[in-house]
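*Asks:* sequence? don't have it. structure:
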């Protein structure tokens with residue numbers, strides 16, 4: 001028997017022993033249950049983020065503002081990406097992520113890869129134009 005065959009057999013034996021370990025099985029089941037419960041609590045907010053008028057308005061206002069912004073005589077390109085339940089908006093070094101949580105939707109502002117702030121967003125009441133302006137220009141309404 002070669003060294004690699006022996007090593008492979010040892011690894012398979014360890015894996016099968018771990019699979020039968022009741023403590024490991026219980027820990028894995030608890031982890032799966034916690035993930036399922038967290039997803040169920042996030043679901044209404046994730047659905048609201050994907051289907052609300054607020055999201056469409058936010059994307060429209062970001063697009064309009066990006067055309068108005070002139071950095072180095074060029075428009076600012078705003079890229080929108082869905083990462084599962086998360087809506088990510090990128091514009092040069094700025095990033096805004098709208099993240100559904102069990103408590104609502106959180107907007108995470110980042111610049112140059114560093115988080116600047118987090119705010120809760122109620123997509124039923126929030127002003128999409130104000131959020132877009134604050135993220136892209138750093139100025140709030142008023």
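*Replies:* Okay, I see it. The structure displayed is predicted, hence computed values, not measured ones.
*Asks:* Residue ranges of each domain in this protein, please.
*Replies:* What automatic domain parsing lists as the domains of the chain is 3-41, 48-137.
*Asks:* Would you mind finding the most buried of these?
*Replies:* domain 48-137 (a mean of 15; mean count of other C-beta atoms under 10 Å). Every C-beta, even on glycine, is put in place using the N, C-alpha and C of the backbone.
*Asks:* That domain spans what distance, first to last residue?
*Replies:* Criterion C-alpha to C-alpha, to the nearest Å; first-to-last residue distance in domain 48-137 is 26 Å.
*Asks:* What of stretch 87-102?
*Replies:* The first and final residues of stretch 87-102 sit 16 Å from each other (C-alpha to C-alpha).
*Asks:* Turn the domains of the chain into CSV, columns for mean pLDDT.
*Replies:* Output for those, formatted as CSV (pLDDT from 0 to 100):
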stretch, mean pLDDT
domain 3-41, 83
domain 48-137, 90
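*Asks:* residues in contact with the helix or strand where residue 11 lies?
*Replies:* Here residue 11 sits within helix 3-20, counting by DSSP states H and E. With contact meaning C-beta atoms under 8 Å, 6 or more residues apart in numbering, helix 3-20 is reached by 24, 25.
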